[in-house]
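Peer 1: 3D, please:
(chains A and B)
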Amino acid sequence: MSSDQDHLKETDTEARFEFKKDENAAVKSDKGLTEEVIRMISEDKDEPDWMLERRLRALEQYQNMPMPSDWPGMPDLSELDVEEIIPYIRPDVDKREGVDDWTELPDDIKDTFDKLGIPEAEKNALSGVGAQYESEVVYQNMQEQWEEKGVIFCNMDKAVQEHPELVKEHFMTTCVPPSDNKFAALHGAVWSGGSFVYVPEDVTVEMPVQAYFRMNSEGMGQFEHTLIIAEEGSEVHYIEGCSAPKYGTHNLHSGGVEVFVGEDAHVQYSTVQNWSKNTFNLNTKRAICEAGGTMEWVSGSMGSKATMLYPCTILKGRGATDTHITIAFAGEGQDIDTGAKVYHNAPDTSSTIESKSISKDGGRTNYRGLVHIADGAENSSTAVECDALMFDNESTSDTMPYMEIEESKVDVAHEATVGKIGDEDIFYLQSRGLDDDDAKKMIVAGFIEPITEELPIEYAVELNRLIELEMEGSLG
Amino acid sequence: MARLELSNLHAEVAEGDEKILEGVDLEVESGEIHALMGPNGSGKSTTAKVIAGHPAYEVTEGEVLLHLEDEEFGEDIEIDEDQRTWNLLDLEPNERAALGIFLGFQYPAEIEGVTMTNFLRTALNAKIEEREELFEDEDGEDEDEEDEGFESSPMEGPADEGEVGVAEFQQILQEKMEQLDMDEKFAQRYLNAGFSGGEKKQNEVLQAAILEPSVAVLDEIDSGLDIDRLQDVSEGINALRDEQGTGILQITHYQRILDYVEPDHVHVMLDGQIAKSGGPELAEKLEDKGYDWVREDVYGTA
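Peer 2: Residues are numbered from 1 along each chain as shown, chains lettered A, B, ... in the order given. Got it, this is the predicted structure:
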């Protein structure tokens, strides 16, 4: 047994997520969203003017857009008061761009990520790791072999300084413009931290690069931006984990993810998120996929009070492919509204969406999906499968698949199943010696197996443990 | 030796008053094969499910007792006097399993995403752990037993003390599957998912072989089997008895399986009761004459 597994075994997962640290802030913004706050963030980051201008324009767009309200069955956001959220906290680390030596981190931050198992994960075959604490990436490391091949993995703030041309061209322009939705605009105004990944032509990064985001302070917002550019013929797997302890006031997480998949390139973006149950998790994630490119989204959404998240792929070039695998878990008082969007804008494109949800103790999950096949996108195909598993009669699960098909030469399949966790299945496992709880855990572990098999082993183990804890109701 | 004893067992459907068992008396000892026969609706499957603790049935009267002897738990273990007899009706299904009751299902559940290997190893370890809990008071000296040196797959969790590790389990599984002439691919397939009827039945016997129950109740394990598969399954059942000393309660409609699994005792169930018991010759007579003569014999002219 390796030391990594020892670590996973010995550390109590519940304690790992629920501990809180005293605030460690060098710079902390005021609450709410004003031009002063935006200027202060930008100044603290020594940003070039063009970025400040983008922020201010996004702020204006945010202020002019109404909150989403007319979606059927959308989660209740009435308790979310953006004016009460602290949008920016820079922890007290020596270098603004973070450190590349783990031992240089302040003890409390190091301890946080140690508890979350981040350095352990890095040791175990990752190409690079970034760790964000509050608003800033505090640790970033990339194996030399990749740097030599021209791969860039750094935090977004550093990318703005060091790779301005790449960022200028791709940052919230064609993929996720601030005008996309209210929270994309919010994100454009106050974004901070996140990851920048650039993979040059024909380079395959064999091991995943990983980023971990941790929100520690009460009442804060985390707005990390992830920008992935995979040039023609390249390949990369980016994997992200998130968590936050629970406080009395609400936290807001509103991340932005933009992925550019070049011709014949292959990007996998995997995420396991476990927000505290008072977090509003409202994100915009999108990929643009050129001819022959492949985009894969793998996401496990857990925790949060309400999640609205619909990773989107635009299949722009002929023969581009998209895969979505998502899992959502909603317990008491939680509303996880998640799904996928795919635009087939070119011929011979294909997409697969596999969505699984589990609801328990009155929780609600919703699959909200959109597949659009444009006129002229001949010989395209899509297959959507939604499976919902419910633990009891109080829990609910909805499926809202939208299909907009403007081309007749296409292949479209949709399949949905909804079921209560089967008494006969439980009895079968009990008759073999498993107690009631273990039987349910085993059924759920099997249900999410398509997700776990796509993830590196540490994340798969983590996801399984998180779900076990959710089922015991022992996570705050 | 273990002995399963049903006495005056009455049961009905838990939600509703439909009476199904109306006083069943039956005894199965380890090493014996009993055939329980009878027409549809006579209560055979209900008897099996009540023994295993299915929540859909409520026992209104009677007892299901399991008597254990020392050798049930290995040669060196002595079972306390007050732990030799258990009233199964007080126990959860998994506790009954831990004490050595196995139910072979007519329609086993299909569990997607759970490999046979993972499932069976989990079940085996759950049984070991539950036994320790049930016999906590007198079993203390055995807790020092260690299970060293077995590598564990992280997906299935590391082996704790006393657990069967992955490598050790692979060996057990492979051996049992070979005995049952099962393709080794089964080990990585999902539990019963997409299995043919015959494969499912074979899988039930495999599970019994691995969990080593004292008493196995096999509910129509012969239904839906072609002749080759019937022989494989029958060999597996005979091996359970011959190699592990398992007591078998074989529920069946047909004489067919009894050509291969020769019963020591045959019982005919009618209207929720054992109407007639006898030796193997009783099954042959049923094959020739059906169940009506039993009915006449028992109720008809009386």
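
Peer 1: tell me the contacts of whichever residue of chain B sits closest to chain A?
Peer 2: Nearest to chain A, among the residues of chain B, is B:G113, at 2.9 Å (CB to the nearest CB). In short, each C-beta sits where N, CA and C put it, glycine included. Residues near B:G113 by CB atoms under 8 Å, 6 or more residues apart in numbering or on different chains: A:445-450, B:190.

Peer 1: Can you flag which of these belong to strands?
Peer 2: Among the contacts of B:G113, DSSP state E puts none in strands.

Peer 1: Can I get those residues in CSV including pLDDT and distance to A:D107?
Peer 2: Supplementary listing: those in CSV, determined by pLDDT from 0 to 100; distance: CB to CB, whole Å:
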residue, pLDDT, distance to A:D107
A:A445, 88, 36
A:G446, 89, 41
A:F447, 88, 40
A:I448, 86, 36
A:E449, 87, 39
A:P450, 80, 40
B:Y190, 95, 46
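
Peer 1: Residue numbers of chain B in contact with chain A?
Peer 2: B:52-56, B:92-94, B:96-98, B:102-103, B:105, B:108-109, B:111-114, B:119, B:122-124, B:126-127, B:130, B:151-152, B:154-155, B:157-158, B:190-191, B:207, B:211 (CB under 8 Å from any CB of the partner chain).

Peer 1: one more time with 6 Å
Peer 2: B:52, B:54, B:93-94, B:97-98, B:103, B:109, B:111-114, B:123, B:126-127, B:152, B:154, B:158 (CB under 6 Å from any CB of the partner chain).

Peer 1: Now a ChimeraX select for only the buried ones of these.
Peer 2: The buried residues among the residues of chain B next to chain A can be selected in ChimeraX (16 or more other CB atoms under 10 Å in any protein chain shown) with this line:
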select /B:52,54,93,94,97,98,103,109,111,112,113,114,123,126,127,152,154,158
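
Peer 1: OK, contacts around the closest residue to B:A216 other than its chain neighbours?
Peer 2: Sequence neighbours aside, B:F102 is the residue nearest to B:A216 in space, at 4.3 Å (criterion: CB to CB, 6 or more residues apart in numbering or on different chains). By CB atoms under 6 Å, 6 or more residues apart in numbering or on different chains, the contact list for B:F102 reads B:208, B:211, B:213, B:216.

Peer 1: what's downstream of the lowest-mean-pLDDT helix or strand in chain B, the next helix or strand?
Peer 2: Every helix and strand of chain B was ranked by mean pLDDT, DSSP states H and E. The lowest is helix B:136-139, at a mean of 56. Counting by DSSP states H and E, the next helix or strand C-terminal to helix B:136-139 is helix B:166-179.

Peer 1: roughly how far out does the helix or strand containing the residue nearest to B:A216 sit from the chain middle?
Peer 2: Using DSSP H and E, B:F102 sits in strand B:101-104. Its chain's C-alpha centre and that of strand B:101-104 lie 2 Å apart, by CA atoms, centre = their mean, to the nearest Å.

Peer 1: Which pair in the contacts of B:G113 has the greatest spatial separation?
Peer 2: A:I448 and B:Y190 (13.2 Å; CB to CB).

Peer 1: What ranges does the stretch 1-150 of chain A have for its strands?
Peer 2: For the stretch 1-150 of chain A, the strands defined by DSSP state E, counting those that start in this stretch cover A:25-28, A:89-91, A:128-133, A:136-142.

Peer 1: no, scratch that, I was asking about chain B
Peer 2: Using DSSP E, strands in chain B cover B:2-13, B:19-29, B:33-37, B:57-68, B:85-87, B:101-104, B:215-219, B:247-252, B:265-270, B:273-278.

Peer 1: could you redo these as CSV and give each row mean pLDDT?
Peer 2: Converted to CSV, the strands of chain B look like this (pLDDT from 0 to 100):
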stretch, mean pLDDT
strand B:2-13, 95
strand B:19-29, 94
strand B:33-37, 96
strand B:57-68, 95
strand B:85-87, 94
strand B:101-104, 97
strand B:215-219, 96
strand B:247-252, 96
strand B:265-270, 95
strand B:273-278, 94
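
Peer 1: could these be laid out in TSV, adding distance to A:M220?
Peer 2: Formatted as TSV, the strands of chain B follow (distance: least, CB to CB, whole Å):
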stretch	distance to A:M220
strand B:2-13	56
strand B:19-29	61
strand B:33-37	67
strand B:57-68	55
strand B:85-87	57
strand B:101-104	54
strand B:215-219	59
strand B:247-252	63
strand B:265-270	69
strand B:273-278	71
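
Peer 1: Mind checking these for the one nearest to B:M182?
Peer 2: strand B:101-104 (15.4 Å).

Peer 1: does the residue nearest the centre of chain A have beta-bridge partners, and which?
Peer 2: Taking CA atoms, centre = their mean, the centroid of chain A lies closest to A:T271, which sits 4.9 Å from it. Here A:T271 sits in beta bridges with A:E240, A:S299, as judged by DSSP bridges.

Peer 1: That one touches A:E240, doesn't it?
Peer 2: Yes: using CB atoms under 6 Å, A:T271 makes contact with A:E240 at a distance of 4.5 Å.

Peer 1: Can you list the neighbours in contact with the helix or strand containing A:E165?
Peer 2: Assigned by DSSP H and E, A:E165 belongs to helix A:164-170. Residues outside helix A:164-170 that contact it (CB under 6 Å, 6+ apart): A:159-160, A:227.
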